[in-house]
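J.: Sequence first, predicted coordinates after that:
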Number of protein chains: 2
Amino acid sequence: MMFEKLAIIGIGLIGSSIAHKVNAAKLAKETALYDASETVRARAKELGLGVVYDNYTHLLHGAELVIICTPSGVIATVAQEIMPYLDSGAILSDVGSVKGEIIKNIIPFLRDDIYFVPGHPLAGTEFSGPDAGFASLFENRWSIICPLDDERVDYKAAQEKLVEFWKALGANVEIMNAQRHDMVLAVTSHIPHLIAFTIVTTAEDIEHVTESEVVQYSASGFRDFTRIAASDPTMWRDVFLLNKDAILEILSRFSEDLTALKRAIRWDDGQLLFDTITRARRMRKEVIDAGQDINKPNFGR
Amino acid sequence: MMFEKLAIIGIGLIGSSIAHKVNAAKLAKETALYDASETVRARAKELGLGVVYDNYTHLLHGAELVIICTPSGVIATVAQEIMPYLDSGAILSDVGSVKGEIIKNIIPFLRDDIYFVPGHPLAGTEFSGPDAGFASLFENRWSIICPLDDERVDYKAAQEKLVEFWKALGANVEIMNAQRHDMVLAVTSHIPHLIAFTIVTTAEDIEHVTESEVVQYSASGFRDFTRIAASDPTMWRDVFLLNKDAILEILSRFSEDLTALKRAIRWDDGQLLFDTITRARRMRKEVIDAGQDINKPNFGR
């Protein structure tokens, strides 16, 4: 039992998965839940995810850890709303996919007696809502903690407690500063998703190729793009807008690199194409060597 | 037994897989093999893939079906080289990933008494070479046949025989004209691969993010790009150069679409982002409904 009372705000895929695991592993005496949607609150009750509240006063009274699990775009607003209701000494955290902008927006109204330790579990599926959660979602996934520049002993203790909590949820925890987090995630997650969303809609718009042909032959490569393009629209809209600077920077580089390859194709520069593909292939090997994927020879061409 | 003698030129992943299946299903009395590389020929012998020849005269004498399985870039050259040695009435085919340009390059020296029926099996793995082949590679994959405009009864018979052959290899066969094939494959395969190669190398070049960080957090989306970026450099260089027109056209559309999203991010147009992501998600559902992928909730975010 790590906490007497733990409060989760936003009962989607992440919020409900935390609740499942907290309940299964008995990490808190009470799992307190809130969602802005009445329908979602009713569903959370039916699913038996914890004690569902319909107001912040009762939800937050006595809560030692409060995790905001809403879409990234409203995390700062929710933090501002709940600030007056938090117990003195409470740990406040979030699960937003962007950290710098969220922290910047919360700092101005953060109370001195609240320990805000931002976090981001790198886990998800293509499903959303309270029914999508399951206890093992964080098993062996990375959870990144981006602590503030706060040298107080109590802050460090709160940070340590949050690290232990994520480990108890099954995650591997990494500490990183927010700027670095946002750049690393822009490269490994935000840009790949943005590109996947783009190519899928580009394909849909091409009038000499029917949608059914695209679907029929999707195993040739397109399928892998649809796989990462199948995520929650609200979540991703927020991520793109909040991590604007890093995304625009990397997108510019990507566009330059793509233009270079386009030019190589136009001018028959086979060597540049060959070298680029060879480099990409090497990176694949590193991903497999690092245990981040399996080497399964089973895809179309 | 469909053929007395079947000849395969180019003993890589595709050529050796055809040989495996032909031998296992006893589709030919003799599986005749040739590769330009002496090392590959020796290895094919060791693997017992068939009768390995070191010259075209003996390889092609009596061969009823000849399939060129070399990289796309040299298929037309090989076809020109072997033309004098082909038996009158032989069926000539290939497995190139681009059809229009290959056909255009072969037509000028095609003999009247040879039935050239181009083909393209949509199957592959990230491995190449004679050791990479296996009998079930084509099982339940699409194989596209792009017949010439040839109304002769014997040509139609040759085409039908090739269709039966690919079905015997386990594939689902589709007839399509070459121009359409090249456009459909540009959308479903060539552009996804080109973009995957690009983003993987872009990521490698970003100096504020280390390669090990990219690899460590690759499950967040990047991993799916490395998966399709792990293919043979020679094959893909050839595909990009041979299918230039379709690729450049679709790449231009993709760049425009990406620029529109980039602009939406810069100017906080959340609605455009939301609508685009929603469309992409719908396409994913169609891919799953068409049985082209499974709905497995198991990837990072």
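T.: Structure received.
J.: All the strands of chain A, residue numbers only.
T.: Here chain A has its strands, by DSSP state E, at A:3-9, A:28-34, A:51-52, A:65-68, A:91-94, A:115-116, A:119-121, A:142-145, A:172-175.
J.: shaky segments in chain A?
T.: Filtered on pLDDT under 70, chain A yields the residue ranges A:294-301.
J.: nearest to chain B, of the strands of chain A?
T.: Distance to chain B, taken as C-beta to the nearest C-beta, is lowest for strand A:142-145 among these, at 6.3 Å. Bear in mind the C-beta positions are built from the backbone N, C-alpha and C, glycine included.
J.: follow-up on the earlier one: with distance to chain B and mean neighbour count as extra columns, can I get the strands of chain A in CSV?
T.: Converted to CSV, the strands of chain A look like this (distance: least, C-beta to the nearest C-beta, whole Å; neighbours: other C-beta atoms under 10 Å in any protein chain shown):
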stretch, distance to chain B, mean neighbour count
strand A:3-9, 18, 23
strand A:28-34, 22, 21
strand A:51-52, 24, 18
strand A:65-68, 17, 25
strand A:91-94, 15, 24
strand A:115-116, 23, 24
strand A:119-121, 9, 25
strand A:142-145, 6, 22
strand A:172-175, 8, 16
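J.: per the record, what domains does chain A have?
T.: Following automatic domain parsing, chain A resolves into domains at A:3-176, A:180-289.
J.: so which of those domains is the most packed in?
T.: domain A:180-289 (a mean of 21; mean count of other C-beta atoms under 10 Å in any protein chain shown).
J.: can you give me how far it is from the chain middle?
T.: In terms of C-alpha atoms, centre = their mean, to the nearest Å, the centre of domain A:180-289 is found 19 Å from the chain centre.
J.: ditto for stretch A:132-148
T.: 9 Å.
J.: How about stretch A:35-50?
T.: For stretch A:35-50, the distance to the chain centre is 22 Å (C-alpha atoms, centre = their mean).
J.: for stretch A:109-118, same thing?
T.: Distance of stretch A:109-118 from the chain centroid (C-alpha atoms, centre = their mean) equals 21 Å.
J.: Surely A:Arg284 and B:Ala229 touch.
T.: Yes: between A:Arg284 and B:Ala229 there is a contact under C-beta atoms under 8 Å: 5.8 Å.
J.: who touches both of these two?
T.: B:Val200 (C-beta atoms under 8 Å, 6 or more residues apart in numbering or on different chains).
J.: And the helices in the stretch 1-150 of chain A?
T.: Along the stretch 1-150 of chain A, counting by DSSP state H, counting those that start in this stretch, helices occupy A:13-24, A:38-46, A:56-60, A:72-82, A:100-106.
J.: Let's have those helices in CSV, adding distance to A:Asp149.
T.: Below are these laid out as CSV (distance: least, C-beta to C-beta, whole Å):
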stretch, distance to A:Asp149
helix A:13-24, 26
helix A:38-46, 35
helix A:56-60, 26
helix A:72-82, 18
helix A:100-106, 10
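J.: possible to save the domains of chain A as TSV with distance to B:Ala171?
T.: As requested, the domains of chain A are exported to TSV (distance: least, C-beta to C-beta, whole Å):
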stretch	distance to B:Ala171
domain A:3-176	30
domain A:180-289	12
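J.: Minimum distance to B:Ile91: which of those domains has it?
T.: domain A:180-289 (24.7 Å; C-beta to C-beta).
J.: Residues of the stretch 51-200 of chain A that sit close to chain B?
T.: A:73, A:97, A:122-127, A:132, A:141-142, A:180, A:183-185, A:187-200 (C-beta under 8 Å from any C-beta of the partner chain).
J.: Quick one: residues in contact with stretch A:280-298.
T.: Residues from elsewhere that reach stretch A:280-298, judged by C-beta under 8 Å, 6+ apart: B:125-127, B:132, B:196-197, B:200-201, B:203-204, B:211, B:214-216, B:218-219, B:222-223, B:226-227, B:229-231, B:233.
J.: what distance separates it from the centre of its chain?
T.: Put simply, stretch A:280-298 sits 23 Å off its chain's centre (C-alpha atoms, centre = their mean).
J.: Kindly report the same for stretch A:153-165.
T.: The answer for stretch A:153-165 is 21 Å, by C-alpha atoms, centre = their mean.
J.: got the CA positions of that stretch in CSV?
T.: Extracted C-alpha coordinates of stretch A:153-165, given in CSV (Å, rounded to 0.1, in the frame of the first residue of the first chain):
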residue,chain,number,x,y,z
VAL,A,153,14.2,17.8,0.2
ASP,A,154,10.5,17.2,0.2
TYR,A,155,10.3,17.7,-3.5
LYS,A,156,13.0,15.1,-4.0
ALA,A,157,11.0,12.7,-1.8
ALA,A,158,7.9,13.3,-3.8
GLN,A,159,9.8,12.6,-7.0
GLU,A,160,11.2,9.4,-5.6
LYS,A,161,7.7,8.3,-4.5
LEU,A,162,6.4,8.9,-8.1
VAL,A,163,9.3,6.9,-9.5
GLU,A,164,8.4,4.0,-7.1
PHE,A,165,4.8,4.3,-8.1
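J.: how about the closest residue to A:Arg111 other than its chain neighbours, what does it touch?
T.: Distances taken as C-beta to C-beta, 6 or more residues apart in numbering or on different chains place A:Met83 nearest to A:Arg111, at 6.0 Å, with adjacent residues excluded. For A:Met83, the contacting residues are A:Phe109, A:Leu110, A:Arg111, A:Ile114, by C-beta under 8 Å, 6+ apart.
J.: B:Tyr53: which of those residues is nearest?
T.: A:Leu110 (77.7 Å).
J.: got a list of what the nearest residue to the closest one once chain neighbours are set aside touches?
T.: Closest residue to A:Leu110 apart from its sequence neighbours, by C-beta to C-beta, 6+ apart: A:Phe116 at 5.5 Å. Remark: with contacts taken as C-beta under 8 Å, 6+ apart, A:Phe116 is in contact with A:Ala79, A:Leu92, A:Ser93, A:Ile103, A:Ile106, A:Leu110, A:Leu148.
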